[in-house]
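J.: Dropping a prediction and its sequence here:
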Amino acid sequence: RKEVEQDPGPFNVPEGATVAFNCTYSNSASQSFFWYRQDCRKEPKLLMSVYSSGNEDGRFTAQLNRASQYISLLIRDSKLSDSATYLCVVNTPDSGYALNFGKGTSLLVTP
Amino acid sequence: DAGVIQSPRHEVTEMGQEVTLRCKPISGHNSLFWYRQTMMRGLELLIYFNNNVPIDDSGMPEDRFSAKMPNASFSTLKIQPSEPRDSAVYFCASSQGGNYGYTFGSGTRLTVV
C-alpha cells in the first residue's frame, strides 16, 4: 500500500467554483504535511504547509484530520491559473527528512 | 538566490551509455534529495544526503545507479549503463531540514533510446 494516496482526478471545474481534494496517509506517526503544486512539465513547488489546527492562505485552506489520517485542500473562487496537479506530501519519522509524495490530483479550471 | 540548479535540462542517450546528472543546492541548505518522476510511479525518492553524507539510498533501483555529494554545493547522480526503463524526469531538491519543505530544481528529462 502506498503511503500517500490521492484521487488522481482529473477534476474539471468552471471558473469561480470551489473544489476540494482529499488525501490519506498510512503512517499514523507522520508529523509534517504539505501540499505542493506542479504545473505541466515543471518542478513541484510548495503551495502550503498543513498544520494541525488547519490553515488558510488566501483562497486556499488546508486541514488535517489525524484521527482519520487524511489531509484536505480547499480552493475557493478557482481561477484558470489554478489548473495544475496538486501533490499531497507527508513526512514520517522513520524516513528522516525525506518526504513521501502522493501521485497528485489533476485540476483543470475552465472558462 | 538562484534556487536549486540542475544540469543538463534534457539528455538523450543510447542504451548502455553512462549518464551523469548534476545538482547545485541552495546555499545553506543542509539536505539534498534526488527524486525520479514517471507517469506510472509518480515521484520516487532515490537517495538523500544530510550534511553531504548519504542517509538513505534504499530507493536507488539497482547498482547501475550511484550518487555522490563531494561538498555542500554539488551532487551528482550517475547511471551506468543506462537502460530505456531509466527514462524519466530526475529532480534534485534541497531543504533546511526539519519541518521545512523542499525547493526543487527544474529537473533533467532523461530519454534512453
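T.: Noted; the coordinates are in hand.
J.: Can you spell out which residues form a bridge with the residue nearest the centre of chain B?
T.: Among the residues of chain B, the one closest to the centroid is B:Trp34, at 3.3 Å (C-alpha atoms, centre = their mean). On the basis of DSSP bridges, B:Trp34 is bridged to B:Ile47, B:Cys92.
J.: My read is that it contacts B:Pro54, right?
T.: No - in this structure, B:Trp34 is not within contact of B:Pro54 by C-beta atoms under 8 Å, at 10.3 Å. Bear in mind the C-beta positions are built from the backbone N, C-alpha and C, glycine included.
J.: shared neighbours, those two?
T.: Residues touching both B:Trp34 and B:Pro54 (C-beta atoms under 8 Å, 6 or more residues apart in numbering or on different chains): B:Ile47, B:Tyr48, B:Ala67.
J.: Spit out the contact partners of A:Ser52.
T.: Residues near A:Ser52 by C-beta under 8 Å, 6+ apart: A:Leu64, A:Arg66.
J.: all strands for the chain, in order.
T.: Chain wasn't specified; assuming chain A. A:4-6, A:11-14, A:19-25, A:32-38, A:44-49, A:55-57, A:60-65, A:70-75, A:84-91, A:99-101, A:105-110 (DSSP state E).
J.: Chain B, not that one
T.: Here chain B has its strands, by DSSP E, at B:5-7, B:10-13, B:19-24, B:31-38, B:42-50, B:53-56, B:65-71, B:74-79, B:88-95, B:103-104, B:108-112.
J.: Can you lay out these as JSON lines showing distance to A:Pro44?
T.: Converted to JSON lines, those look like this (distance: least, C-beta to C-beta, whole Å):
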{"stretch": "strand B:5-7", "distance to A:Pro44": "13"}
{"stretch": "strand B:10-13", "distance to A:Pro44": "19"}
{"stretch": "strand B:19-24", "distance to A:Pro44": "15"}
{"stretch": "strand B:31-38", "distance to A:Pro44": "9"}
{"stretch": "strand B:42-50", "distance to A:Pro44": "7"}
{"stretch": "strand B:53-56", "distance to A:Pro44": "20"}
{"stretch": "strand B:65-71", "distance to A:Pro44": "20"}
{"stretch": "strand B:74-79", "distance to A:Pro44": "18"}
{"stretch": "strand B:88-95", "distance to A:Pro44": "8"}
{"stretch": "strand B:103-104", "distance to A:Pro44": "5"}
{"stretch": "strand B:108-112", "distance to A:Pro44": "15"}
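J.: what's the neighbour count on B:Lys2?
T.: To be clear, residue B:2 is Ala; Lys isn't right here. Neighbourhood size, B:Ala2 [other C-beta atoms under 10 Å in any protein chain shown]: 7.
J.: measure it to B:Pro25 for me?
T.: Plainly put, B:Ala2 is 11 Å away from B:Pro25 if you go by C-beta to C-beta, to the nearest Å.
J.: Ok, A:Ala62 next?
T.: The gap separating A:Ala62 from B:Pro25 is 27 Å, by C-beta to C-beta.
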